[in-house]
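J.: Turn this into a structure:
(4 chains)
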Protein chains: 2
Amino acid sequence: MKTDDSVNRCDFERIAGGKIVSAQGGGFDDCPVRAVIANIGGKWISLIMLALADGPQRFGALRRMLPDISQRMLTQTLRDLQRDGYVHREVFPTKPPSVEYSLTDLGRSMYGPLRDLVLWAERNHGAVVAARARFDTAEG
Amino acid sequence: MKTDDSVNRCDFERIAGGKIVSAQGGGFDDCPVRAVIANIGGKWISLIMLALADGPQRFGALRRMLPDISQRMLTQTLRDLQRDGYVHREVFPTKPPSVEYSLTDLGRSMYGPLRDLVLWAERNHGAVVAARARFDTAEG
DNA sequence: CGGCATCCGTTGCGATACTG
DNA sequence: CAGTATCGCAACGGATGCCG
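T.: Next comes the predicted model:
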């Protein structure tokens, strides 16, 4: 009866049961949670996903959307997203060259849950900041 | 008018519109997306949230659930989660002392979206790994 | 049992300068 | 316009050892 499909994962047999199957080799790529979430956690990944959610964007446009990103990180982050199959990169051999980035189907499908998390973040940002302040002052 | 509740956020006025309001000071805590997602991205945060989702756990129990976490990171990550108001820490002055960690209401509320993302990760982990392999071999 | 301190390697990320 | 290359610092994260 368990709706156990909701809590099975990773090294965990049934995570809430407190049982671990193994800490086998690999141990990182083998774990979906880590392999995927670790990337999303990057400083810029989520913002870029959001920026691309509405449609393709050129490199320069993205750069303008993320005012305080360095061009190094924009390039690198887009690379990572492309590598993981979230983003498609298309080069137009114009003169000067232009490159367009867009979400793949995979990217769009992960954008759903990501957006929900982002919306949660917006709604509860205040609560988190408050909790943080409370904690910090309590510590002195 | 706008269905703007879906894409308004952060420094962005309307993110997909390509318009940025400002890159004002603060620039990090001010941005819900970064302030919240950045933490979730930590190597262990998501796993610990999952571990606590079913109910309170003691320090040692959590440690056993996460086989390859160092005790340093477990302590530190729990601290961060507590600071942000996701986790409640209760000390029982037994002998020897025991400490119990549990999700707060805020923690449970963020667990929802987080779990969806985790489920997505499980389901699409294969696709991501495949895309990654494809990309890497293409690069040679 | 639970947790802090220290040391130390690794990675993330920014600044700057150069290329097709 | 859209990158790549190099540098350097700071944060992350693991190992070990001491303490209530």
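J.: Give me the three-state assignment for A:Ser102.
T.: State at A:Ser102, reduced to three classes by DSSP: H, G, I helix; E, B strand; the rest coil: strand.
J.: quick one: contacts for A:Gly112?
T.: A:Gly112 sits next to B:Trp120 when contact means Cβ atoms under 8 Å, 6 or more residues apart in numbering or on different chains. Quick note: C-beta positions are derived from backbone N, CA and C, even for glycine.
J.: repeat that with 10 Å
T.: Residues in contact with A:Gly112 (Cβ atoms under 10 Å, 6 or more residues apart in numbering or on different chains) are A:Ala53, B:Asp116, B:Leu117, B:Trp120.
J.: how about those residues, which pair is most distant?
T.: A:Ala53 and B:Asp116 (16.6 Å; Cβ to Cβ).
J.: Which ones among the contacts of A:Gly112 map onto helices?
T.: Among the contacts of A:Gly112, the residues falling in helices (DSSP state H) are B:Asp116, B:Leu117, B:Trp120.
J.: What are the boundaries of the strands in chain A?
T.: A:12-14, A:19-20, A:57-58, A:87-92, A:98-103 (DSSP state E).
J.: Now do the last one against strand A:87-92, angle only.
T.: Here strand A:98-103 points in a direction 160 degrees away from that of strand A:87-92 (axes from the mean of the first three to the mean of the last three Cα atoms, to 10 degrees).
J.: Now do strand A:98-103, average pLDDT.
T.: Strand A:98-103 comes out with an average pLDDT of 98.
J.: can it be found next to chain B?
T.: No - counting by Cβ under 10 Å from any Cβ of the partner chain, chain B is not contacted by strand A:98-103; separation bottoms out at 11.6 Å.
J.: what's in contact with that strand?
T.: Here strand A:98-103 has contacts from A:48-49, A:51-62, A:74, A:78, A:81-82, A:86-92, A:107-111, using Cβ under 10 Å, 6+ apart.
J.: Identify the residues contacting A:Thr104.
T.: A:Leu81, A:Gln82, A:Asp84, A:Gly85, A:Tyr86, A:Val87, A:His88, A:Met110, B:Ala127, B:Ala131.
J.: Make sure the first one is actually in contact with A:Ala51.
T.: No - the pair A:Leu81 / A:Ala51 is not scored as a contact, 11.1 Å apart, by Cβ atoms under 10 Å.
J.: Mutual contacts of these two, please.
T.: In contact with both A:Leu81 and A:Ala51: A:Trp44, A:Tyr101, using Cβ under 10 Å, 6+ apart.
J.: Just want to know which of the two has more residues nearby.
T.: Neighbours were counted for A:Leu81 and for A:Ala51 using other Cβ atoms under 10 Å in any protein chain shown; A:Leu81 has more, 24 against 21.
J.: What residue, apart from its backbone neighbours, is nearest the more buried one spatially?
T.: A:Val87 (4.0 Å; Cβ to Cβ, 6 or more residues apart in numbering or on different chains).
J.: Give me the number of neighbouring residues for the one you found.
T.: Quick note: A:Val87 (other Cβ under 10 Å) scores 22 neighbours.
J.: Do I have it right that it meets A:Leu74?
T.: No - at 12.0 Å, A:Val87 and A:Leu74 do not qualify as touching, with contact defined as Cβ under 10 Å.
J.: Quickly list what's touching both of the two.
T.: With Cβ under 10 Å, 6+ apart, A:Val87 and A:Leu74 have common neighbours A:Ile48, A:Tyr101.
J.: For A:Ala53 and B:Asp116, indicate the residue with more neighbours.
T.: Per other Cβ under 10 Å, whichever of A:Ala53 and B:Asp116 has more neighbours is A:Ala53, with 20 against 16.
J.: quick one: least confident helix or strand in chain A?
T.: strand A:19-20 (a mean of 34; mean pLDDT, DSSP states H and E).
J.: what's the neighbour count on the closest residue to chain B within chain A?
T.: Relative to chain B, the nearest point of chain A is A:Gly41 (1.3 Å; Cβ to the nearest Cβ). When counting by other Cβ under 10 Å, one arrives at 19 neighbours for A:Gly41.
J.: swap in the one 4 residues further on?
T.: The local packing of A:Ile45 (other Cβ under 10 Å) involves 21 other residues.
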